[in-house]
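1. Below is the sequence, then the predicted model.
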Amino acid sequence: MNTAATPLLIDVRSEGEYAAAHLQGSICLPLSDIGARIEQLVPDKQQPLLLFCASGVRSDMAMRLLQSMGYTQVENGGGAGQVAMRLGCAVVRG
């Protein structure tokens, strides 16, 4: 991933999980919807994307899907807690 550009933080957990707690500045795009909605939300396939979920499993699946759709700068950040610690993001609680 190009580290010069700030990645868009995409939380691929469910809307309910996102509502309970999420990283400040992230957008909710559940794994079940990502294929249908990503091109509308992120038309630039060169945009750096940092995906995360609860443990990294769903974000890995989402990363593979987006790569197959031509997105070139996609990273699986793992779990939300890992991303929060790595980037120093605040966690917003419900």
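-> That came through, no problem.
2. Could I get the buried residue list for stretch 74-86?
-> Buried residues in stretch 74-86, counted by 16 or more other CB atoms under 10 Å: 74, 75, 76, 77, 78, 79, 80, 83, 84. C-betas here are computed from N, CA, C, even on glycine.
3. mind listing which of these are in strands?
-> Judged by DSSP state E, the buried residues of stretch 74-86 include 74, 75, 76, 77, 78, 79 as members of strands.
4. where do the helices sit along this protein?
-> 15-20, 31-41, 57-68, 80-87 (DSSP state H).
5. Switch the ones you listed over to a markdown table; also include distance to residue 48.
-> Converted to a markdown table, these look like this (distance: least, CB to CB, whole Å):
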| stretch | distance to residue 48 |
| --- | --- |
| helix 15-20 | 21 |
| helix 31-41 | 14 |
| helix 57-68 | 12 |
| helix 80-87 | 13 |
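6. So which of the ones you listed is nearest residue 9?
-> Of all the helices of the chain, helix 80-87 sits nearest to residue 9, with 7.1 Å by CB to CB.
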